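# pasting the sequence and the predicted model now:
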2 protein chains.
Amino acid sequence: MLLGIDLGGTNVKVGLCGPNGRILAGDSISTDATRGPRDTIRRIAALAKSLIGSRRIRACGIGVPGPLDLARTRIILAPNLPGWNNVRVPSILRRSLGIPVVMENDANCAAVGESRAWPRCDGFVLYTLGTGVGGGLILKGELWLGASGAAGELGHMTVAPDGPLCGCGRRGCVEVYASATAVSRAAGVPAKAAFAAARGGNAAAKGAIATAAWALGIGIADLVHALHPDLVVLAGGMAAAGRALLEPVRAEVRRRVFPVHREKIRIEASRLGDDAGWIGAALWAARKIHDR
Amino acid sequence: MLLGIDLGGTNVKVGLCGPNGRILAGDSISTDATRGPRDTIRRIAALAKSLIGSRRIRACGIGVPGPLDLARTRIILAPNLPGWNNVRVPSILRRSLGIPVVMENDANCAAVGESRAWPRCDGFVLYTLGTGVGGGLILKGELWLGASGAAGELGHMTVAPDGPLCGCGRRGCVEVYASATAVSRAAGVPAKAAFAAARGGNAAAKGAIATAAWALGIGIADLVHALHPDLVVLAGGMAAAGRALLEPVRAEVRRRVFPVHREKIRIEASRLGDDAGWIGAALWAARKIHDR
């Protein structure tokens, strides 16, 4: 049995799953990041222990936002978790739980979890559309970390080099057009409500969704030219809009790739939703501990 | 012993190498594509036979421009080889040579060959800067072909969606700024001469090189965000300029990636030069025939 944790800026999801990702139990608490990492980690450990009960847990994985050090011992920079920079989350948590803890980027964990729901993909790409835009790549069944461990930053591929300023300090990243934050700002309503507003004829909402789809389409078309993944999955609250988001993204990608690519383009919405992160963290932990 | 062929729009290189890519013999002939594929293939076979002499050849690989069908039996579209579309190159050549023939995209072959000169790279990316801009990816030691077999089209990643029209029908691709054709057009002299002209103070040549470096920098930074390869190699005649091309590209990439990426960015010029294509074709053929 495995323990998975998905640490977000607002909530923390904690769950137990089997070695193939089957959900056995799960719950969530608020992050309350301002109370400091030790307080949050203490409450995570308490929830985990109550879920575990008398069961035997083989490994624990935790997905966290922001870039990590290559050895996965510390969070380097967590803009949405003030006070968590340089905190050694896995070692603190291991002391509380008494089991090995593996930390990984949250979007990478979501990619590991989500990819289990889509078998037979040599190239699997996940976009997480939230406060920012993250991503994860599973290539030939393996999470691709890259030279720095910080691959999969799909939100910071450039759409338009003279576009609006991004939080990363550069211009025209996918994230400035396609995050839930960007859609909400342009639509004047929360991102999830923008799709209903667009159906009702709201021009700002329509424009916000069209812009997000255009930017995602350019980013995904770039990935198709470079990698041609079998499948691109969109996750995060906005992906719940289903075809209202998928169709304009698919159309933009089809316009931008070669005929030889076009027959094999598959862009879908997440199947696991919010559970992908913690399940992926748990499965990744099992994998890493097996490798040690 | 292996036979490798690199079929270009102007010349065809043919060579023999050992199982690890060591060069044993090589020569080239002009393509004369207008005389038709059968004529060119006949002359390739004649040159190959004269190089082979009494030696025993295990496999033959041929690198060809343009997208191929997924089974690698035909060239689908070869803009620089009029009359070669849908020609079954491997089967014609096999009948002449009496050995198994494997066909692959020329930039993919160059990536296979060049990557042998750079050991210990989990993520290896090659750009070929020529008439167009091609590319190839070697991930964990394996050529990455993608869902359609047409991954590695790095010249058609988007730099600026409202940029100049590209030969592919879209706007602002890497290729419209960074191919030898584009540099030559903007500089008013051949691409190889543009670097000397820029050193001599020629403003058009300086601008052409700066624009090419800017576009390559955006494309490579996108790949760093997505994949973070250990190494990016620039090949083709322009790469012979060395630091005059590499330095502005490196500077642009460093500006565009995260601090966590910046420590592990490596961008170099090709070590094998023109030989990478035919050597890679030969090595790839050996690999594919071993798998059969």
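Cool, got the structure.
# list of residues touching the worst-scoring helix or strand of chain A on mean pLDDT?
Lowest mean confidence among the helices and strands of chain A (mean pLDDT, DSSP states H and E): helix A:259-262, at a mean of 90. Helix A:259-262 is touched from outside by A:224-225, A:228, A:254, B:67, B:76, B:147-150, with contacts defined as Cβ atoms under 8 Å, 6 or more residues apart in numbering or on different chains. (Glycine included, C-beta is placed from N, CA and C.)
# so of those, which ones are in helices?
Within those, residues falling in helices by DSSP state H are A:224-225, A:254.
# I'd like those residues as TSV, with neighbour count and pLDDT appended.
Putting these into TSV (neighbours: other Cβ atoms under 10 Å in any protein chain shown; pLDDT from 0 to 100) gives the following:
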residue	neighbour count	pLDDT
A:Val224	31	98
A:His225	27	97
A:Arg254	16	97
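# now, which of those sits nearest A:Ala282?
For those, the minimum distance to A:Ala282 (Cβ to Cβ) is 30.7 Å, reached by A:Val224.
# pLDDT value on the residue of the stretch 51-200 of chain A at minimum distance from chain B, please?
Nearest to chain B, among the residues of the stretch 51-200 of chain A, is A:Gly146, at 2.8 Å (Cβ to the nearest Cβ). With respect to pLDDT, A:Gly146 has a value of 97.
# my read is that it contacts B:Leu223, right?
No: between A:Gly146 and B:Leu223 there is no contact under Cβ atoms under 8 Å: 9.7 Å.
# which stretches in the stretch 1-150 of chain A count as strands?
Using DSSP state E, counting those that start in this stretch, the strands of the stretch 1-150 of chain A run over A:2-7, A:11-17, A:23-30, A:59-64, A:101-105, A:123-129, A:133-139, A:142-143.
# what sits closest to the residue nearest the centre of chain A if chain neighbours are left out?
The centroid of chain A falls nearest to A:Ala107 when counting by Cα atoms, centre = their mean (2.8 Å). Among residues not flanking A:Ala107 along the chain, A:Gly134 sits closest, at 3.2 Å (Cβ to Cβ, 6 or more residues apart in numbering or on different chains).
# the one you found contacts A:Asp106, correct?
Yes: contact criterion Cβ under 8 Å: A:Gly134 and A:Asp106 qualify, at 6.9 Å.
# on that earlier part again, is the very next helix or strand once past the least confident helix or strand of chain A in proximity to chain B?
Once the chain leaves helix A:259-262, the next helix or strand it forms, by DSSP states H and E, is strand A:267-269. No: contact of strand A:267-269 with chain B (Cβ under 8 Å from any Cβ of the partner chain) is absent, the minimum separation being 12.3 Å.
# from the contact counts, what lies against strand A:267-269?
strand A:231-235, helix A:243-256 (3 or more Cβ pairs under 8 Å, 6 or more residues apart in numbering or on different chains; DSSP states H and E).
# what is the mean pLDDT for the shortest one?
Pointing back at strand A:231-235 there. pLDDT averaged over strand A:231-235 gives 98.
# which strands and helices sit next to it?
Packing contacts for strand A:231-235, counted by 3+ Cβ pairs under 8 Å, 6+ apart, involve helix A:106-115, strand A:123-129, helix A:203-226, helix A:243-256, strand A:267-269.
# which residues are in contact with it?
A:110, A:114, A:118, A:121, A:123-129, A:216, A:220, A:223, A:245-246, A:249, A:266-271, A:273, A:276.
# buried only: go through those for me.
A:110, A:114, A:118, A:121, A:123-129, A:216, A:220, A:223, A:245-246, A:249, A:267-270, A:276 (16 or more other Cβ atoms under 10 Å in any protein chain shown).
# that older thread, hey, what's in contact with both of A:Gly134 and A:Asp106?
With Cβ under 8 Å, 6+ apart, A:Gly134 and A:Asp106 have common neighbours A:65, A:128.
# quick check: end-to-end length of stretch A:166-185?
14 Å (Cα to Cα, to the nearest Å).
# identify each buried residue in that stretch, please.
For stretch A:166-185, the neighbour count (16+ other Cβ under 10 Å) marks A:166, A:168, A:170-184 as buried.
# same question for stretch A:149-162.
A:149-161.
# now, which of those sits nearest B:Lys206?
Distances from B:Lys206 to those, taken by Cβ to Cβ, are shortest for A:Pro161, at 19.7 Å.
# for that closest one, what are its contacts?
Going by Cβ under 8 Å, 6+ apart, A:Pro161 touches A:171-172, B:159-160, B:218.
# still on that earlier bit, how about the buried residues of stretch A:149-162, which pair is most distant?
Using Cβ to Cβ, those span at most 28.1 Å, a distance reached by A:Gly149 and A:Ala160.
# tell me where the stretch 151-292 of chain A is predicted with low confidence.
Scanning the stretch 151-292 of chain A for pLDDT under 70 picks out nothing.
# how about the residues of it that lie near chain B?
Residues of the stretch 151-292 of chain A lying near chain B by Cβ under 8 Å from any Cβ: A:151-154, A:156-162, A:168, A:170, A:218, A:221-230, A:255-256, A:258, A:260-261, A:263-264.
# returning to that earlier point: the residue nearest to the centre of chain A and A:Leu129 touch, don't they?
No: if you go by Cβ under 8 Å, A:Ala107 and A:Leu129 don't touch, sitting 10.5 Å apart.
# nearest residue to A:Cys285 other than its sequence neighbours?
Residue A:285: Ala, not Cys. Using Cβ to Cβ, 6+ apart, the nearest residue to A:Ala285 is A:Gly61, at 3.1 Å.
# tally up the residues packed near the one you found, please.
A:Gly61: 31 surrounding residues under other Cβ atoms under 10 Å in any protein chain shown.
# what's it in contact with, if anything?
Contacts for A:Gly61 (Cβ under 8 Å, 6+ apart) come out as A:2-5, A:101-104, A:109, A:278, A:280-286, A:288.
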